[in-house]
Structure formats: structure tokens, C-alpha cells
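*Asks:* what's the 3D shape of this:
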Amino acid sequence: MNTKISTFFLGTILLIYSGLYGQSDTSNCFLYDYKPDTAVIPESVVAEKPAERPSVKVTLTGDTIGKISKYVFGNAIAAWAGAHDNPTLVEGVEFLAPTLIRFPGGSWSNGYFFNGVPSDVPDSIYDGTTYNTTTQTANKIKFYGHDGTEGWVTSTDQWYALRENTGVNEGLITINYGYARYGTGADPVAQAAHLAADWVRYDNGRTKFWEIGNENGGPWEYGWMIDTALNQDGQPQIITGELYGQHFKVFADSMRKAAAETGDTIYIGAQIVVNGETSWNFVDRTWNLGVFNEVGDSADFYVIHNYFDNSSVGNILNSAQTNLKQNMDFIKQDFIIKGAYQKPVALTEYNMWGGNDEASVSYINGMQAVILICGLIDNNFGLGARWLLISGATTMFYGGSDANYLNHPHAEFYYLTYLQKIIGDLAITTASSNSDILSYASTYSSGEIAIIIVNKSTDQRVVTVSTDSIGVGEKYYIYSFTGGTDNGDFSPNVFINGEGPSSPYQWGPYDQLFDIKANAYIIEGEIKFTSPGRSIQMILIENGANHIHVDDSILVGVNPVIASSFKLYQNYPNPVNSTTLISYQLQESAFVCLKVFDFQGKEIKTLVNEQQNSGNHSVQFNASSLQSGVYFYRIEAGQYYDIKKLLVLK
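*Replies:* Model (predicted):
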């Protein structure tokens, strides 16, 4: 058997049998409190479907992606942003209802002490961003430790109070790992781990999720480079992934023992990096290998950070669509290549890159935020902590100098508040006939279907939904989000079903936030709606036994034969007893090879081996002669390849 194919299947089998990266209640810490969800049918007004024929078809292909962790709807505060006790802010956060709040947040975490700055810290510390690889030297800067007693710095108790006052039951604490590096005591690692354990005791079961340090391999962090003359336990000047992994186990052991004392269970994450081998930062290049080798099975989850494009509207939305999948694909592969224990992954810090203030406060950032949350779900991330609730003029809540706007939410708030209320509890696959129309879907345990439609283009589209094998009821309900027409591409204003800013000092319908009625449509054999340019539709479809199949021939305005991208769909039916249909899309003409393999990678049958034109294709596979078990089908089409699992059940 071809070695390349064998390696490929080994990796594929490992991934499939990892349980979707821990997407099971027992192995994924982010599903420890997973509960089936029941949809709430919104108050509505009767609306009429558009008279035009549709130009876009969205198909509910229905393959299960996995259970949805509620912790993808997390957020964060920064310790430098004060008490976080303004009543307007508190009310807004309560409306937003993040499922957790991260603290202390950012690089300050590696200089934050929850119960007072200790005496064994240096007066100055190396600024790793000035490191010269030739001379192996860097400039020193004054060391600043914080503990919340300064008056303008958030204290630990103020963070707990914010959670209590807003009804946010869960948190994510970023432990000060840097102290294990720059501490000047006899055993700085043990001292830092004991301090972390003390916080666990003080927390007393209020927080389940903890991460050891913030971006520790980055030269901008306290502890990346230390003064070895002040260090007493023989640590190297520059951090490595191996060293961090060794220290992680010391922290985790101390913290878990402390949690056991209070009868609590905590989950602890270790930091890894994406594409470290090609990083400009030489520490990143061996980071993951060192971490995986040393941490072993002691981490409950792995942590990454990412920021997304802030330039043009197209780049902003496209980067959100593609980058998360690239991140998770890399991590999956890295787990296999480096022989790591496969754990769930948390994106504990993310947002749009700074530097484009107009984009950051615009409805386009709201659209990007929706794509990112849906991407977290579709790629089986366990947690997402969006950066940042408030700090300055461009964060989710305005913290700038204009008192008229102070603590009022920007556009992203409105998108995310509604998104969390519409998403179900189980993610399923979808397919769109147009690359400018993104689609995401989930189901409720009560049977309803939630669909999110993102129109990235400036053109209005009429969209129809083909539910195929999934039953629907009598009505569907839509909230449509559109941006303002002011300020070019980056209007700060958002409208929900036509309801806009409540006042000149609001950027959306804040005063009517929970009074906006959904538009309700009678299905009568067709789900169809208008998607304005650069808009989002959040749709809830009633549960029922009606099936809607939409033939491509009804589409107008586009060539329905041309696929928007290469796609391999899940076979139907699956499991299969005798015959099953395998469908795929080709973006362009290509030589196609479609084969079926058994669990060990042995070729069973070649279904397609020929040049094919772009468009939609299907082939029947007769599995009647096969024994019950797990099989795979793999497509190669030019530079594209994909593989899916097929179950035979007799």
C-alpha cells in the first residue's frame, strides 16, 4: 500500500476517533454542563415572501458536526479598564449575556497578582521586543506588577462582582505564569504555582476554566527573557516550549490539589501556537513540540489566540470565513505529527486587528463577529473569549472621552446578543450555491432548525432553502441585520428588521432590543427570503414532518451548474444498508478520482476516475457486499482532496 496514502488514512482515522476533538460529554471539558436546548418561538408579525424567483439555494445537508459548547459565546475584560461597575455597562453586559468573562486579560496577566505584589520581583525586566539575535541582548524596562489596589486597576473582587451583577456564572482566569520566570526567589516556579493554587482556593469553585499564562512564547510578554543573574533555579535566558511544558505540570498539580481541598473540579489549559515552524519568532518554531512532549496528558485543553483582518470589507469577512478552519486544521495535523494527546481547543483571545478604528466600531465588525462565532462552532472549538468588553473608544462598549456615548455598545453587541439566542445545541452542515452567501445551521433538541445567512456581497439576493431529509413545520421566523448607509463601507449603525438606533447616542436599537418582532412567513412548500447586500439573516424554522427539495432549475440570475467551490458532501443515506449516493461539487474542470477504502486503508472500489467539468456531480455506491463497519471515501480533484466517513450497517 502506498506510504503516503497509509499515512493519510492513519491521520484521518486518528482524527475521526478522537471524538471530534473531545466533542463528547465525558472527554470535552467544555461540554461538562451541556444540556439539550428547547427553542423559543419569537413574537412575530406576518410578512410576505419576495415575489422574485430565488438566485441562491442553501441546502441543509444535515451531517452532524457536533454538540455546541455554550462557551464559544465568551468575552473578556482588561484589568487596566477600572472597576467595570457603571450601571449602563452592567446592564449592557447583562443583555449581551456572555457565557463567561476572561480576566485579568492580555499581557497584564503575566504581571498581575490577585492578592498583592510579592517582594521577590525585579525592579526591571527585559523587553523582548528589542532582542538582538546577533548580540543576544535586549533593553530593560521598569517592571510593573499590579494587584487591583491602585484604584484604577480592576481588582479580583471587582471581576467577581461584575459576573455576579450581570448573571455570568462562569469565568476564565489567566494565571500569572511570567512570575515563574522572572521571580527572584529560590524556587520561582514553585512560588508562582503556589500563588496560582491560592487563587484557586480563594475562587472556591466559582470558576471552572483556567489557563497558564498569556502568549508566553511572545517577546512582548514578561518572562520571555529573564536576567539569569537574578534567577536562582538555573533557568535559561529565553523561554522554550519545553520549559513552559515542564512548568505547566507544576502549576496544574498545585492548582488541582487546591481545587480538591474545596471539593471542586477545575479545567486547565496550556498555550500552543499555530504555524509556529514558519514564525518570525524563533521561540515559536519548536514551541508545540516542547509543550506536547512535556505536558503529555496533563492539560484539559489547549489555548490559541488569533486576530483577524481589518482592511477592506472583503478581506475582513473572508479572513473570518477561512482562518479559523486553517487554524484548526493545523492543530489537528500537529497533534498527529507530534504525537500529542488530542484535547479540545479554546480561542481565548480574538477580535479584529486594531488600527482601523472605523472598521472596529462598524456593523462590518458585527458581521465578522457572527462569522467567527459560527466558525468556532463549525470547527469544534470548545471556547471563545472575545477581546474586549470595554477599554477605549473602539471596544464593544464605548470607553472613550465622549460622555454622551460612554458605556454604550457598538454594532457587534447587537449581532452577538441575537446570535446567542438563535443558535441551537447541535451543529449540522449546510451548502450554499453562491460563494458570497455563507450559511451555518444548527438544530434544537426540541426539533427546530436555526440558520444563519451572511451576504458578503453588496448585491441583494433572494435565497431559498432546501431542507431535503430534515423535516420542517409550518412557519419560519427571520431577524435581518443591515448596516447604515453613512460613512462609506463602515457605518457604525445597525438595523434589525428595520429598527435602527434608539437615539443619536446609540448605534443600534438598544431601547427596543428585546421588543423587535421577527418577520414570520408561512412555509407552504417553500422557504424563501430576501438577503440585502452586506446583511445577516438569523432564521428559526419550526419543527415538523414536511420536506422541501429545491431543484437548481428554479434559480435565476446565476448559472446553477457552476459550483462556488470544491465540496464533497456526506453520502445519503448514512448509515447505508445497500446503496448510497455520494455527491460533490467542482469549481472548475479537473481530473477526478473518487475511491472507497476500508478502515485499514485498503482500496475497496474506484467510483470515478476521469476528467469532469465544473458543476454538481453524483455517483451511486453499492455497499450490499460489504460487511458492517466503518469505511471512507476520498476524492482527489486537481489540487483539492477531501475524505468522509461512511458507515455500513446490515
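*Asks:* Please give the element, helix or strand, for residue 57.
*Replies:* strand 56-59 (DSSP states H and E).
*Asks:* what's the following helix or strand after that strand?
*Replies:* Trace forward from strand 56-59 with DSSP H and E and the next one is strand 64-67.
*Asks:* Show me what the next helix or strand after that next one is packed up against.
*Replies:* Of the helices and strands lying after strand 64-67 in sequence (DSSP H and E), the nearest is strand 74-76. If contacts are counted by 3 or more Cβ pairs under 8 Å, 6 or more residues apart in numbering; DSSP states H and E, strand 74-76 sits against strand 100-103, strand 383-386. Glycine gets a C-beta too; all of them are placed from N, C-alpha and C.
*Asks:* Format those strands as CSV; extra columns: mean pLDDT.
*Replies:* Formatted as CSV, those follow (pLDDT from 0 to 100):
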stretch, mean pLDDT
strand 100-103, 98
strand 383-386, 98
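*Asks:* Nearest to residue 527 among those would be which one?
*Replies:* Nearest to residue 527, of all the helices and strands packed on strand 74-76, is strand 383-386, at 29.2 Å by Cβ to Cβ.
*Asks:* for that closest one, which positions count as buried?
*Replies:* 383, 384, 385, 386 (16 or more other Cβ atoms under 10 Å).
*Asks:* can you list the domain ranges for the protein.
*Replies:* 44-63+425-554, 73-397, 561-648 (automatic domain parsing).
*Asks:* Could you give the separation of the shortest one from the chain centroid?
*Replies:* For domain 561-648, the gap between its own C-alpha mean and the chain's C-alpha mean amounts to 29 Å (Cα atoms, centre = their mean, to the nearest Å).
*Asks:* nearest to residue 29, of the domains of the chain?
*Replies:* Short answer: domain 73-397, nearest of these by Cβ to Cβ, at 4.0 Å.
*Asks:* Residue 632: how many residues sit nearby?
*Replies:* 20 (other Cβ atoms under 10 Å).
*Asks:* What degree of burial does the closest residue to residue 613 other than its chain neighbours show, as a neighbour count?
*Replies:* Once flanking residues are discounted, residue 613 sits nearest to residue 589: 5.1 Å by Cβ to Cβ, 6 or more residues apart in numbering. Neighbour count for residue 589, taken as other Cβ under 10 Å: 13.
*Asks:* quick one on the thing from earlier: render the CA-only coordinates of the strand holding residue 57 in CSV, please.
*Replies:* Written as CSV, here are the backbone C-alpha positions of strand 56-59 (Å, rounded to 0.1, in the frame of the first residue of the first chain):
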residue,chain,number,x,y,z
VAL,A,56,-29.3,31.3,-4.3
LYS,A,57,-30.0,27.9,-2.8
VAL,A,58,-28.9,26.9,0.7
THR,A,59,-29.1,23.2,1.3
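*Asks:* And for that strand, what's in contact with it?
*Replies:* 430-434, 437, 439, 451, 453, 461-466, 468, 531, 550, 552, 555, 558, 560 (Cβ atoms under 8 Å, 6 or more residues apart in numbering).
*Asks:* Would you mind checking these for buried ones?
*Replies:* Neighbour-count burial (16+ other Cβ under 10 Å) applied to these gives 430-434, 437, 439, 451, 453, 461-466, 531, 550, 555, 558, 560.
*Asks:* Helices of the stretch 1-150 of the chain, residue ranges please.
*Replies:* Taking DSSP state H, counting those that start in this stretch to define them, one finds helices in the stretch 1-150 of the chain at 3-16, 19-22, 87-96.
*Asks:* Residue 489 touches residue 364, doesn't it?
*Replies:* Yes. Judged on Cβ atoms under 8 Å, residue 489 makes contact with residue 364 at a distance of 6.8 Å.
*Asks:* report the longest helix in this structure, please.
*Replies:* Longest helix in the chain, counting residues (DSSP state H): helix 313-337.
*Asks:* List the buried residues in that one.
*Replies:* Buried residues in helix 313-337, counted by 16+ other Cβ under 10 Å: 313, 316-321, 323-324, 327-328, 330-332, 334-336.
*Asks:* Fine, thanks again, bye for now.
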